[in-house]
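Enquirer: Using only what follows, build the 3D model:
(chains A, B, C, D and E, ligands or ions: 5)
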Amino acid sequence: MPKPTSTPLISAVKLTCIREERLLFDELSLDIHPGDIVQVEGPNGSGKTSLLRILSGLSQPYDGIVNFKNQKINRCREEFQQNLLYLGHLAGVKGEMTAEENLKFNLALHGSCDNNSSVIDSATKNEQNTLAYLAKVNLSGFEDSLASHLSAGQHRRIALSRLYQSNAPIWILDEPFTAIDKQGVASLEALFTGHAQRGGCVILTTHQDLISINPDQIKKITLDYSYA
Amino acid sequence: MPKPTSTPLISAVKLTCIREERLLFDELSLDIHPGDIVQVEGPNGSGKTSLLRILSGLSQPYDGIVNFKNQKINRCREEFQQNLLYLGHLAGVKGEMTAEENLKFNLALHGSCDNNSSVIDSATKNEQNTLAYLAKVNLSGFEDSLASHLSAGQHRRIALSRLYQSNAPIWILDEPFTAIDKQGVASLEALFTGHAQRGGCVILTTHQDLISINPDQIKKITLDYSYA
Amino acid sequence: MWKFLHPYANPETTYHFTNKLLPWLTALAALFLSIGLVWALLFAPADYQQGDSFRIFYVHVPAASLSMGIYVSMAIAALCSLVWQLKLADASAAAMAPVGAAFTAIALITGAAWGKPMWGTWWIWDARLTSELILLFLYLGVIALHNAFEDKNLAGKAAGILTLVGVINIPIIKYSVDWWNTLHQGSTVSKLGKPSMSLDMLWPFIFCFIGFALLAGVIICLRFRNEILARNSIRPWVRQLVEKQLA
Amino acid sequence: MTEQPIDKANTDRVKQLSYRRAFMLVLKRDLTIAMRHKDDIINPLLFFVIIITLFPLGIGPEAQTLSRIAPGIIWVAALLATLLSLDRLFKSDHLDGSLEQMLLSPHPIFVLVLAKIFAHWLITGLPLILIAPLLAVLLHLDENSYTALLLTLLLGTPVLSLLGAVGVALTVGIKKGGVLLSLLVLPLYIPVLIFATSAIDTAALGLPYSGQLAIIAALFFGSLTLAPFAVGAAIKVSTN
Amino acid sequence: MTEQPIDKANTDRVKQLSYRRAFMLVLKRDLTIAMRHKDDIINPLLFFVIIITLFPLGIGPEAQTLSRIAPGIIWVAALLATLLSLDRLFKSDHLDGSLEQMLLSPHPIFVLVLAKIFAHWLITGLPLILIAPLLAVLLHLDENSYTALLLTLLLGTPVLSLLGAVGVALTVGIKKGGVLLSLLVLPLYIPVLIFATSAIDTAALGLPYSGQLAIIAALFFGSLTLAPFAVGAAIKVSTN
Ligand code: HEM
Ligand SMILES: Nc1ncnc2c1ncn2[C@@H]1O[C@H](COP(=O)(O)OP(=O)(O)OP(=O)(O)O)[C@@H](O)[C@H]1O
Ligand SMILES: Nc1ncnc2c1ncn2[C@@H]1O[C@H](COP(=O)(O)OP(=O)(O)OP(=O)(O)O)[C@@H](O)[C@H]1O
Ligand SMILES: [Mg+2]
Ligand SMILES: [Mg+2]
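Expert: Ligands and ions are numbered 1, 2, ... in the order given. Sure, this is the predicted structure:
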């Protein structure tokens, strides 16, 4: 149930991004409210990744401001990061650890908590949950495989499994479907819809069309910097 | 004009692949003729990459033989490699070199030759060609950018530009569309059709559907090892 | 209290300010240096022990002091840029590094040249000499880091962090002669109130010193302007400036 | 359902995950990875041993010369062994995106960084200290100097890890930062080297060396408090 | 249109692309990359300089001791500088898939590998030789030894690059092979070290050192003929 009049979760004010003397976008402003699914579109090199990294605070824009609930993200970094889940081109999965260890670390690093919002403290419960999340991304049976011994898609699935437990309202996902098979894509899309319904927002880039999400629900931002 | 009765370019005889005690495929035999477009399908972790690496001679199968024109590839490695173009999950593009330098090196390493099959010797002509190939993958204007300063898709485009000049009949491509925008995917598909018509063969994996290629023309190999 | 600095946080204002400053600075530097060097090299008395080779002193000591002084200024600039996000402070630190490295090299070379007649060897592993050499390495590291990043803003921040971490070497260089018994001269010039040097040697030295400091200022100022332009090449005012130059 | 329940949960959770837990979490992870590759522990050690054995080969076997230069060699070797193991600290985390994720985690980056540095010291510094006495025998180190050697190593190797971390953090975003790293880090290591070897030499003469030791301790506490912040800032720059 | 024209073209082309051209191609590429990062050339050099300055700091300033151990220090430093620059050889090519592509190219791998090794020597070995005399002055090396130092470096550093390449090729597939590499390579370097320093020491006494020089030359030619093949084989294993 998106509420257009609510405070925007993220708003960008007059963002300008310059890379190697190429102006990627100029004075880009946008408001992202709870319930939004925003797809950033544009051809290769149009600045989608750059925009997403700026929104998540990983890079600084050449000019402009990013706000989290009307506050500059530089001012409330900690709070912002508690509310943010960013997955980039790189998966952030360690090849030397098993799938399960990777997931466990990720959950703990970003603070894991189950759905009825009580904090999990008991290790055993945590364990069960980890396995459940791995099952959700179809990695049951691979818990104890080193991540470097997994296929390209399985490797990314470890990172994606964080989506299934996350309570952060803001999801920023840079090409989350890379190397994921069709069935995987479908369940991710379902997940996004659910997240939006629960009052979160999803900002993503992808070169594939979103199939099972209602097109009316998707806000598109097109970066039309045309190369050459 | 595929000729089903010609000698197969690549044939695999009873390939078996075992990874970490999981049987990925067993006694897989296939013949790939000039004019074939073969799509290897299967969910994440089903062994597509493993199969492609075995076919290209980069890994050894647990059991079975790969033939190039009815000769074991281990026996005629040099000739086989002259006829092969393999692009894997990794792009093989050096971040420290510019797009143009990368392409030039790739062309020269694999022996560049223009379409009327006369060897190019003059450096100037080579130069022009390089720019032309970069233009084909929409990288004009980025010739002098370091590859590490390109976007994910542009980075892969450098590797893919080799397809536009290659005379190798066998193309083995592992998820060539990763990070490529829609327009790029369309022109790659056109390229595959053209290559097949000129008597080459394409073996590829992708989780997206091939849109503009006639479905009758695509041979599908499905690896159905289902996980867990 | 810092309000008066505010306009200079704007690159354009600062650029025009350096424009006005440069001619004065250059003139002063030329004046002091010519007086100081002529006095020092031609008229000041030769040392009773060391003879004319003592005249290296007038170059060596200013260079050595400036090598440290510039580093400290660089560190202060780095601190400002890291704490208050002053992009201009970054630019000034970037402008200073090579100049500081040059003075360090001069101090080393003149020191070595002086060492041959005085100590009979070009180089000894004396504490002060060594720490001056380390200072050179630090400068080179900062410069290398500046060059390693393509993005000038990032380069500035990275180099700034390194500069601050390296500050620890400065007291070591400064006080090494006091802490260790070394061959190198202890404080002669700066003993407060009562310099252990005759006045007809001290005065030319002071002129040389100020002259070299101003020279450093001029070079840094020139480099600073270039840094500002390079970092703002997209801004309209830089474009206009270039067009004016071309026209 | 609005965003309320989600927010509430977040703030609760974070209060519970104290600094200490974040620290232990990262420490455990890094140690697990090191254990997985046992080489990570054995190799710096063997490298240390090999360098030390190279010198008698290059210089000749006379006991007197060797014992004269033993403190210098051991310390230079410790320094180089640490240097070579430094890129383990952040490089691979940067390449696979984990570093980015740590930056985005709700924990202050200096805690995570401190845990990584501590893990690094446990993996490389500690084993060096344990094997040093043996190598000292091989180099005929003066008998009075053993305590001094151990004490300087105990206080000095953490400094090497801490300062080294600053260097790695600065160069981690740069392709082939490997040798640039040495250029940045070695000048920072030199004070440790000078005071440590001077302490050992002084001990060999039977004189008190608490002055040098105090300086190394000062370096240790100074870098312990400052380095994590410098590293945090440097990582933010490198992943920009 | 069948596959015929394509095939024909391939065989023609390959005949023309002789070994020499493949060699020059790879050489030029590697030098371009090094030039792009001028650091690649400057840094091993600075590293060499820094190591050499570390020793007087660790050991003390006495000219006599220093001149006694100068050959050993210079050679150990050359060895370590080479070692640290080794991972440039194949690591990044492996990580980004270039190595795979080289294996799949129609040229014999040993030619490509030889070109890479030669480029590595030009980038790291040669500058060391050029700066060595200066450092020898700093260490008060005996004046008789300068020629011997230069000759041993000239013959010895290529051996370091060649043998080092074997080590890198073997470890390139292993994550964090850095320190393992040193383990594999340093023992191979020891003969060079021993004969080189012995040659310089002998020269300092004014005696002829052609015997040691001949041995180093033999090591050079031996590794020049064998190493490229070993490296080729090792790379095939590593990329499997
Ligand atoms: C490469 C060799 C040398 C280096 C790196 C070096 C370095 C330095 C440094 C860093 C200073 C400190 C400047 C200051 O405190 O502001 C200095 C001062 C000085 N040096 Fe040298 N020096 C070298 C050789 C020499 C030699 C051979 C002599 C003469 C025997 C000499 C005489 C002096 C004197 C008289 C001072 C002024 C001391 C004072 O008043 O504080 N130096 N040098
Ligand atoms: N280096 C390796 N060592 C051991 N096992 C591996 C290795 N690489 C892959 N595997 C295993 O082999 C199986 C198949 O992997 P492969 O990469 O061939 O899958 P894929 O079909 O290409 O999947 P994707 O669509 O995700 O790319 C996986 O289950 C994986 O666990
Ligand atoms: N590290 C960098 N340094 C300099 N320029 C860069 C860097 N990364 C990207 N760029 C430039 O910024 C532009 C936008 O890159 P970005 O990665 O944001 O594109 P993208 O829209 O994500 O493309 P893709 O669909 O290929 O992922 C590109 O033209 C690229 O050349
Ligand atoms: Mg992108
Ligand atoms: Mg795959």
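Enquirer: Low-confidence ranges, the chain, go.
Expert: Going with chain A. A:1-5, A:112-127, A:225-228 (pLDDT under 70).
Enquirer: nope, chain D
Expert: For chain D, the ranges with pLDDT under 70 are D:1-17, D:175-179.
Enquirer: switch the cut-off to 50
Expert: D:1-4, D:15-16 (pLDDT under 50).
Enquirer: for it, which helix is longest?
Expert: Longest helix in chain D, counting residues (DSSP state H): helix D:210-238.
Enquirer: now chain A
Expert: Longest helix of chain A, by residue count under DSSP H: helix A:182-197.
Enquirer: Which secondary structure elements does the helix or strand hosting C:Ala158 sit against?
Expert: In the assignment (DSSP states H and E), C:Ala158 maps to helix C:152-166. Packed against helix C:152-166 by the contact rule (3 or more CB pairs under 8 Å, 6 or more residues apart in numbering or on different chains; DSSP states H and E) you find helix C:57-84, helix C:87-119, helix C:127-148, helix C:199-231, helix D:146-171, helix D:178-204, helix D:210-238. Glycine gets a C-beta too; all of them are placed from N, C-alpha and C.
Enquirer: What angle do helix C:57-84 and that helix make with each other?
Expert: Put simply, helix C:152-166 runs at 120 degrees to helix C:57-84, going by axes from the mean of the first three to the mean of the last three CA atoms, to 10 degrees.
Enquirer: Next, the angle from helix C:152-166 to helix C:199-231.
Expert: 150 degrees.
Enquirer: quick one: is helix C:152-166 near ligand 3?
Expert: No - remark: helix C:152-166 sits outside contact range of ligand 3, by CB under 6 Å from any ligand atom, the gap being at least 9.8 Å.
Enquirer: mind listing what's buried in the longest helix of chain D?
Expert: D:212-213, D:215-216, D:219-220, D:223, D:226-238 (16 or more other CB atoms under 10 Å in any protein chain shown).
Enquirer: tell me the SS of whichever residue of chain C sits closest to ligand 2?
Expert: The minimum distance from chain C to ligand 2, using CB to the nearest ligand atom, falls at C:Glu150 (32.5 Å). Three-state call for C:Glu150 (DSSP: H, G, I helix; E, B strand; the rest coil): coil.
Enquirer: how far out from the middle of the chain is the helix holding C:Ala158?
Expert: How far helix C:152-166 lies from its chain's middle: 18 Å, per CA atoms, centre = their mean, to the nearest Å.
Enquirer: what's the closest non-adjacent residue to the residue nearest to the spatial centre of chain D?
Expert: Centrality entry for chain D: nearest residue to the mean C-alpha point is D:Ser161, 1.7 Å, by CA atoms, centre = their mean. Sequence neighbours aside, D:Trp121 is the residue nearest to D:Ser161 in space, at 4.3 Å (criterion: CB to CB, 6 or more residues apart in numbering or on different chains).
Enquirer: which residues does that neighbour contact?
Expert: Going by CB atoms under 8 Å, 6 or more residues apart in numbering or on different chains, D:Trp121 touches D:Thr157, D:Pro158, D:Ser161.
Enquirer: What of D:Ala227?
Expert: Going by CB under 8 Å, 6+ apart, D:Ala227 touches C:Val165, D:Ile117, D:Leu162, D:Leu163, D:Ala165, D:Val166.
Enquirer: Between helix D:178-204 and the helix holding C:Ala158, find me the angle.
Expert: 0 degrees.
Enquirer: Give me the mean pLDDT for helix C:152-166.
Expert: In this model, helix C:152-166 has a mean pLDDT of 89.
Enquirer: and the angle from it to helix C:127-148?
Expert: Using the same axes, to 10 degrees, helix C:152-166 lies at 160 degrees relative to helix C:127-148.
Enquirer: Now do the same contact list for the residue in chain A positioned nearest to ligand 2.
Expert: Nearest to ligand 2, among the residues of chain A, is A:Gly153, at 2.5 Å (CB to the nearest ligand atom). Shown in contact with A:Gly153 (CB under 8 Å, 6+ apart): A:Ala179, A:Ile180, A:Asp181, A:Gly184, B:Pro43, B:Asn44, B:Gly45, B:His207.
Enquirer: That one and C:Leu199, how far apart?
Expert: Applying CB to CB, to the nearest Å, the value for A:Gly153 to C:Leu199 is 82 Å.
Enquirer: from chain C, which residue is nearest to ligand 5?
Expert: Among all residues of chain C, C:Glu150 sits closest to ligand 5, at 32.4 Å; criterion: CB to the ion.
Enquirer: got a list of what that residue touches?
Expert: Neighbouring residues of C:Glu150 by CB under 8 Å, 6+ apart: A:Glu20, B:Leu146, B:His149.
Enquirer: now the strands for chain A?
Expert: A:10-19, A:22-32, A:37-41, A:63-68, A:71-72, A:84-87, A:170-174, A:201-205, A:218-222 (DSSP state E).
Enquirer: With mean neighbour count and distance to D:Arg68 added, can I get these in a markdown table?
Expert: Rendered in a markdown table, the data for the strands of chain A read as follows (neighbours: other CB atoms under 10 Å in any protein chain shown; distance: least, CB to CB, whole Å):
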| stretch | mean neighbour count | distance to D:Arg68 |
| --- | --- | --- |
| strand A:10-19 | 19 | 57 |
| strand A:22-32 | 17 | 61 |
| strand A:37-41 | 21 | 67 |
| strand A:63-68 | 18 | 62 |
| strand A:71-72 | 12 | 61 |
| strand A:84-87 | 24 | 57 |
| strand A:170-174 | 24 | 59 |
| strand A:201-205 | 24 | 64 |
| strand A:218-222 | 15 | 71 |
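Enquirer: how about TSV for those, with distance to E:Val137 added?
Expert: Listed next are the strands of chain A as TSV, based on distance: least, CB to CB, whole Å:
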stretch	distance to E:Val137
strand A:10-19	48
strand A:22-32	50
strand A:37-41	61
strand A:63-68	53
strand A:71-72	57
strand A:84-87	55
strand A:170-174	55
strand A:201-205	59
strand A:218-222	64
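Enquirer: Just give the closest residue to D:Ala148, not the sequence neighbours.
Expert: Excluding the flanking residues, the one nearest D:Ala148 by CB to CB, 6+ apart is D:Ala203, at 3.6 Å.
Enquirer: ok, that neighbour - contacts?
Expert: By CB under 8 Å, 6+ apart, the neighbours of D:Ala203 are D:Asp142, D:Asn144, D:Ser145, D:Thr147, D:Ala148, D:Tyr209.
Enquirer: Alpha carbons of stretch C:151-160, as CSV, please.
Expert: What follows is stretch C:151-160, C-alpha atoms only, in CSV (Å, rounded to 0.1, in the frame of the first residue of the first chain):
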residue,chain,number,x,y,z
ASP,C,151,40.3,10.8,-9.4
LYS,C,152,42.0,13.8,-7.9
ASN,C,153,39.7,14.2,-5.0
LEU,C,154,40.2,10.6,-3.9
ALA,C,155,43.9,10.9,-4.5
GLY,C,156,44.0,14.0,-2.2
LYS,C,157,42.2,12.2,0.6
ALA,C,158,44.4,9.1,0.3
ALA,C,159,47.6,11.1,0.2
GLY,C,160,46.3,13.2,3.1
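Enquirer: Just give the number of residues close to the closest residue to D:Gly97 other than its chain neighbours.
Expert: Nearest residue to D:Gly97 in three dimensions, chain neighbours excluded: A:Leu90, at 2.9 Å (CB to CB, 6+ apart). Other residues within reach of A:Leu90 by the criterion other CB atoms under 10 Å in any protein chain shown amount to 18.
Enquirer: Could I get the phi/psi values of A:Leu90?
Expert: The phi and psi values for A:Leu90, taken as degrees, to the nearest 10, are phi -90, psi 140.
Enquirer: my guess is it contacts D:Leu99, does it?
Expert: No - with contact defined as CB atoms under 8 Å, A:Leu90 does not reach D:Leu99; the gap is 9.5 Å.
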